[in-house]
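Colleague: model this:
(2 chains)
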There are 2 protein chains.
Amino acid sequence: MVNIMTDNEAILAANSAYYLAFAACDLVKMGQIWADDDISCVHPGWPILVGREAVIASYRNILNHPNQDRVQHRNDTALISGEHGRVFCIEFVGGMALAITNWFQKVDGTWRMIHHQASPINPTQEEITPPAGNRLN
Amino acid sequence: MVNIMTDNEAILAANSAYYLAFAACDLVKMGQIWADDDISCVHPGWPILVGREAVIASYRNILNHPNQDRVQHRNDTALISGEHGRVFCIEFVGGMALAITNWFQKVDGTWRMIHHQASPINPTQEEITPPAGNRLN
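Modeller: Below you'll find the predicted structure:
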């Protein structure tokens, strides 16, 4: 079977897979999406986490939290340069809007996440209206 | 003259050069630190900026602002993987503490910035004490 996805489609699919794993509280899938080495993460309000052990532990805590808010994403836009690619999007979490960079690196033909960073923004009214086509759960 | 800096030293020097250019309001130097292509930036509270024109314009606005707060940085830590390197640090700006990722790519032997992102954090009392050895101006 021939993989007919373009790089742009593939990295956007990887980005969507991240949010699907989040919505499903699927830590195994989340662990597959993240690369094995040289990874880092800045959750909203958290200190900078560097290394797979710290990053995966943070998702274990978040995904196991009984009151974790649903995360929605939209405006996904890819910027690809060689084996590196960034996906920018807006997350909506518990009434907050966050400017997100999800950074991927192609490892053996697969886009794996190597960095995630969230920055609160001041959304316009239009932006905070829940996106109809982008509900994750 | 032989360049005897290690990659780690060189990328930390590039990171410091960014903050020196900021402190000196040196837009020319800032433009040299940023790479020519495929750059992006998330200032605190700002929307995601993609492309050299938008990124450099944002620094023109910030550096020309008469009430721009002084920016201090500390805890600079590099994570290098091939031609890409991230420097994580904490910025102190106008009483805020920010978790920063400054992403560099080696272009013709020089670490050039390709992404900057700031995320507000809740600093401990120790963290918000101005660092004595790290004043930029």
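Colleague: so how far is B:Thr6 from the nearest residue to A:Val55 once chain neighbours are set aside?
Modeller: In space, and not counting its chain neighbours, A:Val55 is closest to A:Cys41: 4.7 Å by Cβ to Cβ, 6 or more residues apart in numbering or on different chains. Placement of C-beta: from N, CA and C, glycine included. According to Cβ to Cβ, to the nearest Å, A:Cys41 stands 26 Å off from B:Thr6.
Colleague: try A:Asp76
Modeller: Relative to B:Thr6, A:Asp76 is positioned 37 Å away (Cβ to Cβ).
Colleague: pick out whichever of these two has more residues nearby.
Modeller: Taking neighbours as other Cβ atoms under 10 Å in any protein chain shown, A:Asp76 and B:Thr6 compare with A:Asp76 leading, 17 against 11.
Colleague: quick check: the gap between the more buried one and B:Leu98.
Modeller: 25 Å.
Colleague: regarding chain A, what is its longest helix?
Modeller: In chain A, taking DSSP state H as the definition, the longest helix is helix A:7-23.
Colleague: and the helix or strand just after it, how far out from the chain's middle?
Modeller: Using DSSP states H and E, the helix or strand that follows helix A:7-23 in sequence is helix A:27-33. Helix A:27-33 sits 12 Å away from the centroid of its parent chain (Cα atoms, centre = their mean, to the nearest Å).
Colleague: just checking: what are the partner strands of the very next helix or strand once past helix A:27-33?
Modeller: Beyond helix A:27-33 on the C-terminal side, the first helix or strand identified by DSSP H and E is strand A:40-42. Paired neighbours of strand A:40-42 in the sheet (DSSP bridges): strand A:49-50 (antiparallel), strand A:110-121 (parallel).
Colleague: which of those strands sits most buried?
Modeller: When you average the neighbours per residue for each of the strands paired with strand A:40-42 (mean count of other Cβ atoms under 10 Å in any protein chain shown), strand A:110-121 leads with a mean of 22.
Colleague: now that strand: mean pLDDT?
Modeller: Strand A:110-121 shows a mean pLDDT of 97.
Colleague: now the angle from it to helix A:7-23?
Modeller: Following axes from the mean of the first three to the mean of the last three Cα atoms, to 10 degrees, one obtains 70 degrees for the angle between strand A:110-121 and helix A:7-23.
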